[in-house]
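**Q** Fold the following and give me the result.
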Amino acid sequence: MRWLLCASAVLLSSGAWADAPRVATDIAPVHALVSIVMDGVGSPDLTIPPGATPHSYAMRPSEARALAGADLVVWVGPALTPWLNEPIETLAGGAVHLTLQDSAGTEVLENRSGVAFEAHEHAHDAHDMDGHDDHADHDDHADHADHAADSDHDAQTDHDDHAAEGGMDPHMWLDPVNASFWLGTIAEALVQIDPDHGDTYRANAAKGQADLAALTATLETELAPLQGRPFVVFHDAYHYFEARFGTEASAAISLSDGAAPSAARLTELRHVIEDANAVCIFTEPQFNPGLVAALDGDGRLKTAALDPLGAGLTLGATLYPELIQSLAASFVDCLSDG
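**A** Residues are numbered from 1 along each chain as shown. Sure thing, here's the model as predicted:
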């Protein structure tokens, strides 16, 4: 009897999850935002592991199958992962597609160019979400999954377009105000395909927005004393974070797409670091730390790690606020006096 009662409890507790929509996400920060909205209903799948660079990645068969089975695909967009556009259209053609870079309210910045950055104005707000009508029939998606995972997408290694001068900077999730807008957009996309849980999605999004607003206000106070302090980032991924909190990098070792710098760029970077009297170089776990050592010949510069994807954080709803807090902590550690 006790076993039967326990089994019944398990079945009842898992009922909501069994009815939850299947949601595929691209990167860990987006996965975290969807997890916030889906709390108590279900959990999304992740396509690109946190330790991998999203600019070029070859999906594993399990990741392709999750994409093929999705009712909703939530991704930043082709500015970040141009190679992912074809698998989404091929494997998840019947799903609703939520492209966050195009969602209303998103503030979009242009890629910075050159070695020494010049001031850039905020570019524009994104236009309305480019979604697709929901289709109930997903049965044939999985038939293409293994094929897509093993196929050779030329776009995986040809991702220079978004790093071109004047192109869209794709790292827009690092502005928590953008993330707050996205919580509401994600909730409405979920309501479209799962209206029975609409109140839960909207309530979760509203709570997440309030939490992010409080976090942003706290970090604005913490980071205000650091404004004007010169620093260099490894990979030009932090423009949105810098713009939100009033700091600005002097230069980046690598461009927005993470491509390896040329010898000429490294030479010019040494001059920029000296001329700007930079106090810090930020490293990243996904890239070669030896380049930082080569630029800091006399060892006078402080260093700290930044990670735009939260590779060392636990996947789930807490990852996004923890990511923003960790970036702020690294800025304080590396740019403060002493």
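**Q** what's around the closest residue to residue 260 other than its chain neighbours, how many residues?
**A** The shortest distance from residue 260 to any non-neighbouring residue, by C-beta to C-beta, 6 or more residues apart in numbering, is to residue 254 (6.8 Å). Where C-beta positions appear, they are placed from N, C-alpha and C, glycine not excepted. Burial measure for residue 254: 20 neighbouring residues, criterion other C-beta atoms under 10 Å.
**Q** swap in residue 301?
**A** 17.
**Q** May I ask you to confirm that it is in contact with residue 281?
**A** Yes - using C-beta atoms under 8 Å, residue 301 is in contact with residue 281, at 5.2 Å.
**Q** Need the overlap of contacts for the two.
**A** 273, 295 (C-beta atoms under 8 Å, 6 or more residues apart in numbering).
**Q** Am I right that residue 30 is in contact with residue 172?
**A** No - assessed by C-beta under 8 Å, residue 30 is found out of contact with residue 172, at 10.7 Å.
**Q** Common neighbours of the two, please.
**A** With C-beta under 8 Å, 6+ apart as the test, residue 30 and residue 172 both reach 76, 100.
**Q** can you tell me which residues contact residue 272?
**A** 115, 116, 232, 250, 251, 278.
**Q** Go again with 10 Å.
**A** Listed by C-beta atoms under 10 Å, 6 or more residues apart in numbering, the contact partners of residue 272 are 114, 115, 116, 117, 230, 232, 250, 251, 252, 265, 278, 295.
**Q** ditto for residue 75
**A** So residue 75 contacts 24-27, 30, 47-48, 54, 67, 81, 84-85, 88, 97-101 (C-beta under 10 Å, 6+ apart).
**Q** rerun at 6 Å
**A** Going by C-beta atoms under 6 Å, 6 or more residues apart in numbering, residue 75 touches residue 26.
**Q** try residue 249
**A** So residue 249 contacts 231, 233 (C-beta under 6 Å, 6+ apart).
**Q** Distance check, it against residue 27.
**A** 22 Å (C-beta to C-beta, to the nearest Å).
**Q** How about residue 40?
**A** Applying C-beta to C-beta to residue 40 and residue 27 gives a distance of 23 Å.
**Q** which one of those two has more residues nearby?
**A** Between residue 40 and residue 27, counting by other C-beta under 10 Å, residue 27 is the more crowded of the two (23 against 12).
**Q** Give me the buried subset of the contacts of residue 272.
**A** By neighbour count, with 16 or more other C-beta atoms under 10 Å, these hold 115, 116, 117, 230, 232, 250, 251, 252, 265, 278, 295 as buried.
**Q** Which ones among those map onto strands?
**A** 232, 251, 252 (DSSP state E).
**Q** so who does the residue nearest to residue 28 when sequence neighbours are not counted touch?
**A** Excluding its sequence neighbours, the residue lying closest to residue 28 (C-beta to C-beta, 6+ apart) is residue 50, at 4.3 Å. Residues counted as contacts of residue 50 (C-beta under 6 Å, 6+ apart) are 28, 309, 310, 311.
**Q** Please produce a markdown table containing the residues you listed, extended by neighbour count and distance to residue 219.
**A** Converted to a markdown table, those look like this (neighbours: other C-beta atoms under 10 Å; distance: C-beta to C-beta, whole Å):
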| residue | neighbour count | distance to residue 219 |
| --- | --- | --- |
| 28 | 29 | 20 |
| 309 | 25 | 19 |
| 310 | 22 | 16 |
| 311 | 15 | 21 |
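**Q** For those, which two are the farthest from each other?
**A** 28 and 311 (7.7 Å; C-beta to C-beta).
**Q** Mind giving me the packing neighbours of the helix or strand where residue 291 lies?
**A** In this structure, residue 291 sits in helix 290-295 according to DSSP states H and E. Here helix 290-295 touches no other helix or strand, going by 3 or more C-beta pairs under 6 Å, 6 or more residues apart in numbering; DSSP states H and E.
**Q** what's the domain layout of the chain?
**A** 20-218, 225-335 (automatic domain parsing).
**Q** tell me which helix or strand of the protein sits lowest on mean pLDDT?
**A** Sorting the helices and strands of the chain by mean pLDDT, DSSP states H and E puts helix 145-150 at the bottom, at a mean of 39.
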